[in-house]
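>>> can't give you the sequence, but here's the structure:
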């Protein structure tokens, strides 16, 4: 049976690098129901410790069958962190026209923007099969030539990443694969090389090879060969869409799958 849960917590900005306290237990959200988060919401956030820059009703969450519908009411807006993908801000202004942010992703962090010394998180998790990340199957040779009259020919999926390519991606993009979300940038290649006990150029080579796989599934050619600004480049998005189950595999988390 699919489960939908919501977890809220606040942490000090100065202590965000290391989370020493356990997270509060998740609150079930039945499919088809709604929940309000804020200083005076169903789940209170910004009330202890008090942060008056968080709205009384900051976020309305709808668990709509196979997707999340989010209505941002927080005066200062929010930042949405889909697990493993690029974070992006959402302001409350579109709400005046009834705007709803619809997401189909198994793990989503919503950062409610308030005072500068506090970070307020809303964690959304779903095990609904429609939201799972499965990546793409490995390419295989066709058993017969394509039929010209059979319709549009679909390019084969790229082959699986090598163990070293996977290790390089997990090492460089570890902050982007963390759950709960991390606000840390990707590791520099020199740092990744030290952790992997290989040379800088070797890490660069593994990422370049993985990038060629990503190009095969639509990574724009304009993305630089090296992740000089991985928070904007779309690298992590492509890795997950190419093989989320592989890339997310780590000791401290289970792959949530891919829609």
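Nice, thanks for sending it over. None of the values given here were measured: they were computed from a predicted structure.

>>> make it CA atoms for all contacts and neighbour counts henceforth
Will do.

>>> now residue 47: how far from residue 99?
Residue 47 sits 26 Å away from residue 99, going by C-alpha to C-alpha, to the nearest Å.

>>> low-scoring stretches of the protein, by residue?
Within the chain, the stretches with pLDDT under 70 are 1, 15-20, 93-98, 133-158, 217-259.

>>> switch to 50 and redo it
The chain contains residues with pLDDT under 50 at 135-143, 223-235, 238, 241-259.

>>> Please, where are all the helices along it?
163-172, 189-196, 200-215, 230-233, 235-247 (DSSP state H).

>>> Output the contacting helices and strands for the third one.
The elements that helix 200-215 packs onto, with contact taken as 3 or more C-alpha pairs under 8 Å, 6 or more residues apart in numbering; DSSP states H and E, are helix 163-172, helix 189-196, helix 235-247.

>>> For that helix, buried residues please.
Judged by neighbour count (16 or more other C-alpha atoms under 10 Å), helix 200-215 contains these buried residues: 200, 202-208, 210-211, 213-214.

>>> Skipping its backbone neighbours, what lies nearest residue 76 in space?
Residue nearest to residue 76 in three dimensions, not counting chain neighbours: residue 113, with 5.7 Å by C-alpha to C-alpha, 6 or more residues apart in numbering.

>>> quick one: contacts for that neighbour?
53-54, 74, 76-79, 119-120 (C-alpha atoms under 8 Å, 6 or more residues apart in numbering).

>>> and with 7 Å instead?
Going by C-alpha atoms under 7 Å, 6 or more residues apart in numbering, residue 113 touches 54, 76-78, 120.

>>> Check residue 169 too.
Taking C-alpha under 7 Å, 6+ apart, one finds residue 207 in contact with residue 169.

>>> measure it to residue 177 for me?
From residue 169 over to residue 177 (counting by C-alpha to C-alpha), the distance is 10 Å.

>>> between the contacts of residue 113, which has the most around it?
residue 54 (25 neighbours; other C-alpha atoms under 10 Å).

>>> Surely that one touches residue 44?
No: if you go by C-alpha atoms under 7 Å, residue 54 and residue 44 don't touch, sitting 10.3 Å apart.

>>> Between these two, which contacts overlap?
Common neighbours of residue 54 and residue 44 (C-alpha under 7 Å, 6+ apart) are residue 38.

>>> what's the spacing between residue 79 and residue 161?
Here the criterion is C-alpha to C-alpha. By it, residue 79 lies 31 Å from residue 161.

>>> between those two, which one's more packed in?
residue 161 (20 against 16).

>>> which residues touch the more buried one?
Contact partners of residue 161, counting by C-alpha under 7 Å, 6+ apart, are residue 210.

>>> Now residue 9: closest residue in space, sequence neighbours ignored.
residue 121 (5.5 Å).

>>> ok, now which ones touch the one you found?
8-10, 109-112.

>>> How about residue 35?
Residue 35 makes contact with 42, 60-62, according to C-alpha under 7 Å, 6+ apart.

>>> So which bits of stretch 86-94 are buried?
By neighbour count on 16+ other C-alpha under 10 Å, the buried set for stretch 86-94 is 86-87, 90, 92.

>>> So which of those sit within strands?
residue 90 (DSSP state E).

>>> can I get the buried residues of stretch 86-94 in a markdown table with distance to residue 36?
As requested, these are exported to a markdown table (distance: C-alpha to C-alpha, whole Å):
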| residue | distance to residue 36 |
| --- | --- |
| 86 | 25 |
| 87 | 22 |
| 90 | 17 |
| 92 | 15 |
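
>>> and the two most separated of the buried residues of stretch 86-94?
Using C-alpha to C-alpha, the buried residues of stretch 86-94 reach their maximum pairwise distance at 86 and 92, which is 19.7 Å.

>>> Skipping adjacent residues, who's closest to residue 62 in space?
Excluding the flanking residues, the one nearest residue 62 by C-alpha to C-alpha, 6+ apart is residue 34, at 4.4 Å.
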